[in-house]
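**Student:** my questions are about this predicted structure, shown below with the sequence.
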Amino acid sequence: MRPVIDHVPFAGADLDALVERFENAGFAPQYGGEHTGMDTEMASLVLPDGSYLELLAPTDGDDAASHWPDFLAADAGPCAWCVDAGSVHSELQRAISHDITVRGPLRGRRETDKGTADWDLGFLGPRDRSVLPFVISDRTPREYRVPDSTLYGSPVSGIGRVLVAVDDLEAAVERFTRFYRLPEPDRDVDGRFGDLAAFPGQDVVLCEPTDGPVRERVDQFGPCPASVLLTADIEDAATRHPLADSRTLFGRRVRFVEGFDYRLGVIER
C-alpha cells in the first residue's frame, strides 16, 4: 500500500487563535465541528488536490480526550499524519503481521453541514514512539468529512511533504522500506532538520536532527511530524502569503510561512 496522505492534524491550544494565525498568513480555514466524545473541535484547510490540514484544538479550553493531548496543550502544530486505507481492519492486520503494535479499529464521528461524518481509524506503532501514519477509511461519503476546497486557483495545490523527525534515521528508514516495500531513499542534509531521507515518489521525509528546535521537539514529544510543506508555485505564493527562510531540500526550493517557524512551509512543484 502506497502511503497517500489524506490529511495532517495541526494541533493548537485554542481553535479561534489557531484559525486566526492561518488567516493572518493568507489562508481561509473552514469550521468543521466537534468530534463526538473527544472534547476537540476542528477547522479544515482543504487543498485543491483533496488533502487537508486539520486545525485541531480542545473545546472551550478543556483538557481534551484527544489522541494528542500533549501537542494540543503545547500549541505544537503538526502532531500526526494520516493516510487513506481501503480497510482500516485489513491495514491493521497487515501491520500486526510485520510485528507492529496497533490500536484500533476505532470509530470517529463529527457533525458537519453535510450530515454526520462517520469513519474508522487505526494507529500503527506505540502511542508515544511511532513514525508511521495513522490510517482512516470513511463509512459515510468522504465529502461529509472533507468539504470542497476554497483554494482553487490558489498557488498552493496540496500537501507536498511531511517531515517526520526521529531519533534513529536508519531504523526509521528500515521500518518504512520493509512495511511499505519502498526503494532505498534519497539522502540530503539540512542545518535545521539534520540528516534526511526521502523515498522516491512518496510524500514523507524522515529526518534526524542533531540540535536546535527540531531536536528539542523530538526530545519533548518523541518521534513525530516536525513540518508540513504545501506544494506551491513559490513566487506566486510569496505574493499571497508571508514567506521567509528560503532553502533547498532534495533539489526543491522551500520557504516557511512566517508565524509558524519551521512547522508550516511551501515547497516548489
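**Tutor:** Received, thanks.
**Student:** what about residue 74, distance to residue 224?
**Tutor:** 11 Å (CB to CB, to the nearest Å). Quick note: C-beta positions are derived from backbone N, CA and C, even for glycine.
**Student:** those two - which one has more neighbours?
**Tutor:** residue 224 (24 against 16; other CB atoms under 10 Å).
**Student:** where does that one land on pLDDT?
**Tutor:** Among the per-residue scores, residue 224 shows a pLDDT of 95.
**Student:** so who does it touch?
**Tutor:** By CB atoms under 8 Å, 6 or more residues apart in numbering, the residues touching residue 224 are 71, 78-80, 131, 164-165, 217-218.
**Student:** could these go into TSV alongside pLDDT and neighbour count?
**Tutor:** Below are those laid out as TSV (pLDDT from 0 to 100; neighbours: other CB atoms under 10 Å):
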residue	pLDDT	neighbour count
71	94	24
78	97	24
79	95	23
80	95	23
131	88	23
164	98	24
165	98	25
217	97	23
218	96	18
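**Student:** just the residues you listed now: which is nearest residue 230?
**Tutor:** Distances from the contacts of residue 224 to residue 230 were compared by CB to CB; the smallest belongs to residue 78, at 11.8 Å.
**Student:** nearest residue to residue 143 in space, please, no chain neighbours.
**Tutor:** Closest residue in space to residue 143, ignoring its immediate chain neighbours: residue 114 at 6.2 Å, by CB to CB, 6 or more residues apart in numbering.
**Student:** these two touch, right, that neighbour and residue 148?
**Tutor:** No. Look at residue 114 against residue 148 with CB atoms under 8 Å: they stay out of range, at 10.2 Å.
**Student:** between the contacts of residue 224, which is closest to residue 265?
**Tutor:** Nearest member of these to residue 265, counting by CB to CB, is residue 78, at 11.0 Å.
**Student:** for that closest one, give me its contacts.
**Tutor:** 8-11, 162, 224-228, 263-264.
**Student:** and the closest residue in space to residue 13 that isn't next to it in sequence, how many residues sit next to it?
**Tutor:** Closest residue in space to residue 13, ignoring its immediate chain neighbours: residue 75 at 4.6 Å, by CB to CB, 6+ apart. Here the count is done by other CB under 10 Å, and residue 75 has 14 residues near it.
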